[in-house]
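> got a structure for you, letters missing:
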């Protein structure tokens, strides 16, 4: 069963293009300098339209999660973690934690994570996170 | 709207509650509406305002033969009915209408004629959350809990205690779906749904509905039931994306809605006799107690553990048994409102003696929305 995948819109296409190229793209407001996510062509903090896109470091920490014991059919038949990760640049995003047992013991809040890119189709590559070395 | 200017004069739940496999969601709206009109002694022609959430108000008006001059189809999830109460009070106060019906019906368990929630792949949730395996509230609304627990040293036993205390209330309610005694150990050994949440920390999935009728306090005296006055209200929205909440340990929408409700009512926390906090999952009463200002940050688990919200405690909470033990058809806010009205009328199965002020707080679409109503059986 094919995984449920995103359908990019004009305002998000650049983010998904970045993922295809192995870049986790964030946007930053030129006026107030804050980084934000999800992508949009203006700053959600001050509504300024002057924003720039940049490749984030890919460093994050595990902020919170659940381990879903009733897997969605397209996600296989094993329990999996659905996580919120805190990116080093400030924004948070939802993701999965890969290359790691999906257990409370292995998944400790605030553990360092590193982005990895998991290709799904020609159009869509999903950013996910694996345990990283301590900062 | 001034405190006490508008009153609830009709309130009822559906005839069948829990399991109604032979009734559609639209019919459940109508059944609740007819029961509430009967409760208030009103005919369809007396209703000139209508509000509902999971169907269009046009569909409900058509089905019930209403000709409203005011309609509200606000749908922000399970607290939509708190917002309807607030909007209806303002509309009546402004003279847009005189007598508003707010109705809800839901075939949450049987799924008969039940609308489905769609999160299209181009939506923000569809693009940035759905690909990671979320599948409804049990895997989304629960995600902030671990961060809250780590921040304040709250344990899985604390979450289980929320369910246990509410079960004690449910055991006094003949209409509650779950009425058998429950222990912390039993909650923790019930099947894991989305760790750390076990089944008994998650709401029931049921069929049912409810309806309210609001009018001016002046007219309320002429109705058969004891009037329940609206002293104040609040509402807010934050984000549909659980991953984008400002802070996972507190809800901005809860805080803003709660603050507006207390400020507009002029009621102080110490004067609240009865409290409803929408409990789709066991962590929500903890967030609610803190974000509404009843306790300080991180103090809610101990407050419940020390039995302040239990039978005989100083702040009776979720006295119908809540979404965890009473019923939860999907959008539970209507049932919380019904229990507040019953408590203010003095007819609740687990009646709080001499209760004069009830606060009813709802959550909608994960932490996307909140609505809060302050009720009283005395007009200020």
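Cool, the structure landed. Bear in mind the structure is a predicted one, so any value in this text is a computation, not a measurement.

> Return the set of buried residues in stretch B:142-160.
By neighbour count on 16 or more other CB atoms under 10 Å in any protein chain shown, the buried set for stretch B:142-160 is B:142-149, B:151-152, B:154, B:156, B:158-160. Quick note: C-beta positions are derived from backbone N, CA and C, even for glycine.

> Which pLDDT value goes with residue A:135?
Here, the pLDDT recorded for residue A:135 equals 46.

> And the most centrally placed residue in chain B, how far from chain A?
The central residue of chain B, meaning the one whose C-alpha is nearest the mean C-alpha position (CA atoms, centre = their mean), is residue B:333 at 2.2 Å. Residue B:333 is 24 Å from chain A, where distance means CB to the nearest CB, to the nearest Å.

> Contact partners for residue B:39?
If a contact means CB atoms under 8 Å, 6 or more residues apart in numbering or on different chains, then residue B:39 has B:10-12, B:213, B:224-225 as its contacts.

> and with 6 Å instead?
B:10, B:12 (CB atoms under 6 Å, 6 or more residues apart in numbering or on different chains).

> buried residues in the helix or strand hosting it?
Assigning secondary structure by DSSP states H and E places residue B:39 in helix B:25-40. Within helix B:25-40, the residues that count as buried by 16+ other CB under 10 Å are B:25-37, B:39-40.

> next SSE after that helix?
Going down the chain from helix B:25-40, the next helix or strand is strand B:49-51, by DSSP H and E.

> Strands along chain A, start to end?
With DSSP state E, the ranges of strands along chain A come out as A:25-29, A:35-36, A:51-55, A:59-68, A:80-87, A:92-95, A:112-119, A:125-131.

> Export those to a markdown table and append columns for mean neighbour count and distance to chain B.
Shown next, in a markdown table, are the strands of chain A (neighbours: other CB atoms under 10 Å in any protein chain shown; distance: least, CB to the nearest CB, whole Å):
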| stretch | mean neighbour count | distance to chain B |
| --- | --- | --- |
| strand A:25-29 | 20 | 13 |
| strand A:35-36 | 20 | 10 |
| strand A:51-55 | 14 | 16 |
| strand A:59-68 | 24 | 4 |
| strand A:80-87 | 24 | 5 |
| strand A:92-95 | 24 | 4 |
| strand A:112-119 | 17 | 10 |
| strand A:125-131 | 20 | 5 |
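
> can you put the ones you listed in JSON lines and add mean pLDDT?
Written out in JSON lines, the entries for these read as follows (pLDDT from 0 to 100):
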{"stretch": "strand A:25-29", "mean pLDDT": "98"}
{"stretch": "strand A:35-36", "mean pLDDT": "98"}
{"stretch": "strand A:51-55", "mean pLDDT": "98"}
{"stretch": "strand A:59-68", "mean pLDDT": "98"}
{"stretch": "strand A:80-87", "mean pLDDT": "98"}
{"stretch": "strand A:92-95", "mean pLDDT": "98"}
{"stretch": "strand A:112-119", "mean pLDDT": "98"}
{"stretch": "strand A:125-131", "mean pLDDT": "98"}
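
> JSON lines please, covering the ones you listed and showing distance to residue B:312.
Listed next are the strands of chain A as JSON lines, based on distance: least, CB to CB, whole Å:
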{"stretch": "strand A:25-29", "distance to residue B:312": "53"}
{"stretch": "strand A:35-36", "distance to residue B:312": "49"}
{"stretch": "strand A:51-55", "distance to residue B:312": "57"}
{"stretch": "strand A:59-68", "distance to residue B:312": "34"}
{"stretch": "strand A:80-87", "distance to residue B:312": "39"}
{"stretch": "strand A:92-95", "distance to residue B:312": "42"}
{"stretch": "strand A:112-119", "distance to residue B:312": "47"}
{"stretch": "strand A:125-131", "distance to residue B:312": "48"}
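
> Can you check which of those strands gets nearest to residue B:249?
Smallest distance to residue B:249 across those (CB to CB): 9.3 Å, for strand A:59-68.

> mind listing what the closest one pairs with, with the direction of each?
strand A:80-87 (antiparallel), strand A:112-119 (antiparallel), strand B:192-195 (antiparallel) (DSSP bridges).

> Which of those strands sits closest to residue B:375?
Evaluated over the strands paired with strand A:59-68, closeness to residue B:375 peaks at strand B:192-195, with 32.9 Å, by CB to CB.

> Residue 45: neighbour count?
You didn't pick a chain, so chain A it is. Other residues near residue A:45 number 13, with proximity taken as other CB atoms under 10 Å in any protein chain shown.

> not what I meant, chain B
The local packing count at residue B:45 equals 9, with neighbours defined by other CB under 10 Å.

> Could you do residue A:22 as well?
By the measure other CB under 10 Å, the count of residues near residue A:22 is 14.

> Can you read off the pLDDT for residue B:91?
Looking at residue B:91, its pLDDT is 98.

> Likewise for the one 5 residues further on?
For residue B:96, the model assigns a pLDDT of 98.

> Tell me the one of the buried residues of helix B:25-40 nearest chain A?
The shortest distance between chain A and any of the buried residues of helix B:25-40, using CB to the nearest CB, involves residue B:25 and amounts to 24.0 Å.

> got a list of what residue A:97 touches?
When contacts are counted by CB under 6 Å, 6+ apart, residue A:97 is found next to A:81, A:83, A:129.

> related to what we said a few turns ago, among the buried residues of stretch B:142-160, which are within reach of chain A?
When CB under 6 Å from any CB of the partner chain is taken as the criterion, the members of the buried residues of stretch B:142-160 that contact chain A are B:142-144, B:146-147.

> Could you find the closest non-adjacent residue to the residue lying farthest from the centre of chain A?
Farthest-out residue of chain A from its mean C-alpha position, per CA atoms, centre = their mean: residue A:31, at 24.7 Å. Leaving out its chain neighbours, the residue that sits closest to residue A:31 by CB to CB, 6 or more residues apart in numbering or on different chains is residue A:48, at 4.1 Å.

> What about residue A:73, how many residues nearby?
Here the number of neighbours of residue A:73 (other CB under 10 Å) works out to 9.

> Equivalent analysis for residue A:100, please.
The local packing count at residue A:100 equals 16, with neighbours defined by other CB under 10 Å.

> Same check on residue B:184?
Around residue B:184 there are 16 other residues, counting by other CB under 10 Å.

> where does the residue nearest to it when sequence neighbours are not counted fall, helix, sheet strand or coil?
Leaving aside its sequence neighbours, residue B:184 sits nearest to residue B:160 (CB to CB, 6+ apart; 4.4 Å). Per DSSP: H, G, I helix; E, B strand; the rest coil, the secondary structure class of residue B:160 is helix.
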